[in-house]
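[1] Pasting a predicted model and its sequence here:
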Amino acid sequence: MNSLVELIENKRGETTTRILKINNISPDQYKILFIPKLENTDFKYFDNQIFIELKNENFREQYDLWIKALHSKLKEYTVHNELIQQFNIEIKKFIGLFMKRKKLSHAKARGFYGELLELKKQLKENNDHGKVLNGWHRPAPANHDFDYEDYSLEIKAIGRTSSAIKISSEYQLSSFGKKQLKLKVSKIDLIEKSFDDSIGKLYVEIKGSLNEAHSMLFEIKCAEDTFCKYLGPEFMPLDYKFYEIEHSYYNVDQEEFPRICNDNVESGISNVKYELDLSVIEDFKILD
């Protein structure tokens, strides 16, 4: 019997609870496992062991089929590195089963591409990759896309012919504390029906620039995102291409910058959404 992987079965009456256990996983090995937060399946790690179990009884039949198949595949491995590699593949396949009907829209993909371009830039300029990744506000929604000790940065990716950006709340262009708030606007063109998967290439390029632990943090941030889940080109290939035409940074902190902020919205007003014409913020552009 392979001691690395066990399928524990506890029978209580007519119900059988199945828990997959993976043994002898060190903290460093745990960091390179693809373990996202799933709604109906729970991953627990303690005493160098990983336990996978069902959280929602409504999905017991589907879970049992999957967990037995996962055990069948993983039990063949006796080397941790090979087991981890296969584990990561199987978890992504499992998530992908529930995403096949959802095609990534052009708008969401464009926004994601704009964030990846900025992330690549910051990783290149800052050797502290952990700090850069932790400042990238995925997967949970946040007021700004990047947030660090001394500044925050909001990314807006628009189409080639667009002349305005959409602001989705009164907090999006509000600075907090003494942090500088900057806005980046990227003009991104779209080429339909292209075999050049630009998001996939950028995703792989960023992964290749990171160590194993940071690479896994990056993958999980992409996979868990609330609005734009992405598992990588192997599992979510795209048949269209993006490329950035130009980009500009703006200083939002000046009083004259046209915006609606949380501190100047009348009581009782909520869900503030508006468009900001790029021509009126030209004077606030930050020169390279």
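    Cool, got the structure.
[2] Val265 touches Ser169, doesn't it?
    No. Contact criterion C-beta atoms under 8 Å: Val265 and Ser169 do not qualify, at 10.0 Å. Using the backbone N, CA and C atoms, a C-beta is placed for each residue, glycine as well.
[3] Mutual contacts of these two, please.
    Counting by C-beta atoms under 8 Å, 6 or more residues apart in numbering, the contacts common to Val265 and Ser169 are Val272.
[4] what about the residue positioned nearest the centre of the chain, distance to Ile155?
    Taking C-alpha atoms, centre = their mean, the centroid of the chain lies closest to Cys222, which sits 2.1 Å from it. Distance, Cys222 to Ile155, using C-beta to C-beta, to the nearest Å: 15 Å.
[5] follow-up on the earlier one: Provide the secondary structure category for the residue nearest to the centre of the chain.
    Under DSSP: H, G, I helix; E, B strand; the rest coil, Cys222 falls in the helix class.
[6] So it sits against Val204, correct?
    No. The criterion here is C-beta under 8 Å, and Cys222 misses it with Val204 at 11.8 Å.
[7] which neighbours do these two share?
    Gly232.
[8] Can you name the next helix or strand after the lengthiest helix in the chain?
    In the chain, with assignment by DSSP state H, the single longest helix is helix 106-125. Later in the chain than helix 106-125, the nearest helix or strand by DSSP states H and E is helix 129-135.
[9] Which strands and helices lie in contact with that following helix?
    helix 106-125, helix 212-224 (3 or more C-beta pairs under 8 Å, 6 or more residues apart in numbering; DSSP states H and E).
[10] ok, and what's touching that helix?
    Here helix 129-135 makes contact (C-beta under 8 Å, 6+ apart) with 119, 122-123, 126, 146-148, 209-211, 214, 217-218, 221.
[11] Centre of the chain to it, how far?
    13 Å (C-alpha atoms, centre = their mean, to the nearest Å).
[12] now for the next helix or strand after it, which elements pack on it?
    Following helix 129-135 in sequence order, the next helix or strand is strand 146-147 (DSSP H and E). On a contact count with 3+ C-beta pairs under 8 Å, 6+ apart, strand 146-147 meets strand 151-158.
[13] who does the strand it packs on pair up with?
    strand 146-147 (antiparallel), strand 180-191 (parallel) (DSSP bridges).
[14] Give me the helices and strands touching the helix or strand just after that strand, please.
    Where DSSP H and E defines the elements, the next helix or strand beyond strand 151-158 is strand 164-167. Strand 164-167 sits against strand 151-158, strand 274-277, with contacts defined as 3+ C-beta pairs under 8 Å, 6+ apart.
[15] Which residues belonging to strand 164-167 are considered buried?
    165, 167 (16 or more other C-beta atoms under 10 Å).
[16] Report the distance from that strand to the chain centre.
    Going by C-alpha atoms, centre = their mean, where strand 164-167 is centred and where its chain is centred differ by 22 Å.
[17] Could you do stretch 17-34 as well?
    22 Å.
[18] First-to-last residue distance for it?
    23 Å (C-alpha to C-alpha, to the nearest Å).
[19] start at 46 instead
    Right, with 46 as the first residue, what we last looked at is stretch 62-79.
[20] related to what we said a few turns ago, what sits against the residue nearest to the centre of the chain?
    Contacts of Cys267 (C-beta under 8 Å, 6+ apart): 183, 248, 274-277.
[21] Find the nearest non-adjacent residue to Val297, please.
    Nearest residue to Val297, sequence neighbours excluded (C-beta to C-beta, 6 or more residues apart in numbering): Leu226, at 4.4 Å.
[22] Verify the stated contact: that neighbour with Leu218.
    Yes. Assessed by C-beta under 8 Å, Leu226 is found in contact with Leu218 at 7.1 Å.
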